[in-house]
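Colleague: next one to model:
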Amino acid sequence: MITVFNGSTLEKWNRVDYMDHMGDDDRVVDAARVSMAKVASTFTSEQNASLISFLARNEHWTPFAHPQITFRCRAPFAISEQLKKHQVGMVWNEVSRRYVDDPPWVFVPDGWRTRPDNVKQGSDPDSLVDLPFQWWSDSVSGPLQDYKRMLQLGIAPEQARFILPTSVMTEWVWTGSLYAWFNVYRLRSDAHAQYECRGHAIDIKQHCQQLFPVSWEMLTHAHARNT
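Modeller: Next up is the predicted model:
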């Protein structure tokens, strides 16, 4: 969950909502066994799990690219721009503020982290700045009100949006293969990834674990073994 603010009200929103998916662990097995004209249903669950382990361990990634999962995601623009870099095996359709002029919501960080020593990016999760919420809310409320005034003056939403801060929330429908989602999780759950991105990675993991328990476990074990 993340906290959002519209200038007067605080709410909690989900970062990642499951929409639907195609396939299961057997889809991975079927994609691999087709080379020998065989299917998962003619083997035991243990044999199929062993095959999935072999595929993950030896980086035979194409069978994991056949299952597809679709999520509806929410994040501030500053974070969605980082997540949007994941392109291979994925498609992304986003709310456009060229067309939508609903009152914006902005992201509220869990805390304000300090800049760490001797690095060019990132933050120190163990060192927080005591920034009063009122100071921050007053700062972001100004652009939200100015955006509303610009629309009232007749300015087109596609231009009025320029005044909004990068903490404004956006949402998108994001579809990808199981393998692509694992790559998002692998990269964005890393300790060097921004903390806010790691929250999305954890949510993605939880959904994918439920949908593809064997494949996700084997991909995770293979990655841990190779790092």
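
Colleague: point out where this protein drops to low pLDDT.
Modeller: Scanning the chain for pLDDT under 70 picks out 118-120, 227.

Colleague: residue nearest the middle of the protein, spatially speaking?
Modeller: By Cα atoms, centre = their mean, the chain has its centre lying nearest to His200, at 4.1 Å.

Colleague: and the nearest residue to it once chain neighbours are set aside, how far is that from Ile202?
Modeller: Leaving aside its sequence neighbours, His200 sits nearest to Arg15 (Cβ to Cβ, 6 or more residues apart in numbering; 5.3 Å). Every C-beta, even on glycine, is put in place using the N, C-alpha and C of the backbone. Distance, Arg15 to Ile202, by Cβ to Cβ, to the nearest Å: 9 Å.

Colleague: pick out whichever of those two has more residues nearby.
Modeller: Taking neighbours as other Cβ atoms under 10 Å, Arg15 and Ile202 compare with Arg15 leading, 18 against 14.

Colleague: what sits against that one?
Modeller: Neighbour list for Arg15: 1-2, 73-75, 199-200, 203 [criterion: Cβ atoms under 8 Å, 6 or more residues apart in numbering].

Colleague: so which of these is the closest to Ala40?
Modeller: Asp203 (28.4 Å; Cβ to Cβ).

Colleague: not counting sequence-adjacent ones, nearest residue to that closest one?
Modeller: Nearest non-adjacent residue to Asp203 (Cβ to Cβ, 6+ apart): Val16, at 3.8 Å.

Colleague: swap in Arg115?
Modeller: Going by Cβ to Cβ, 6+ apart, Arg115 has Ser123 as its nearest residue, at 6.4 Å.

Colleague: helices along the protein, start to end?
Modeller: Along the chain, counting by DSSP state H, helices occupy 25-33, 45-57, 77-83, 133-152, 157-160, 178-188, 195-211, 213-226.

Colleague: mind giving me a markdown table with those and columns for distance to Thr170?
Modeller: Shown next, in a markdown table, are the helices of the chain (distance: least, Cβ to Cβ, whole Å):
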| stretch | distance to Thr170 |
| --- | --- |
| helix 25-33 | 31 |
| helix 45-57 | 33 |
| helix 77-83 | 5 |
| helix 133-152 | 14 |
| helix 157-160 | 14 |
| helix 178-188 | 17 |
| helix 195-211 | 13 |
| helix 213-226 | 27 |
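
Colleague: of all those helices, which lies closest to Gly7?
Modeller: Nearest of the helices of the chain to Gly7, taken as Cβ to Cβ: helix 133-152 at 4.5 Å.
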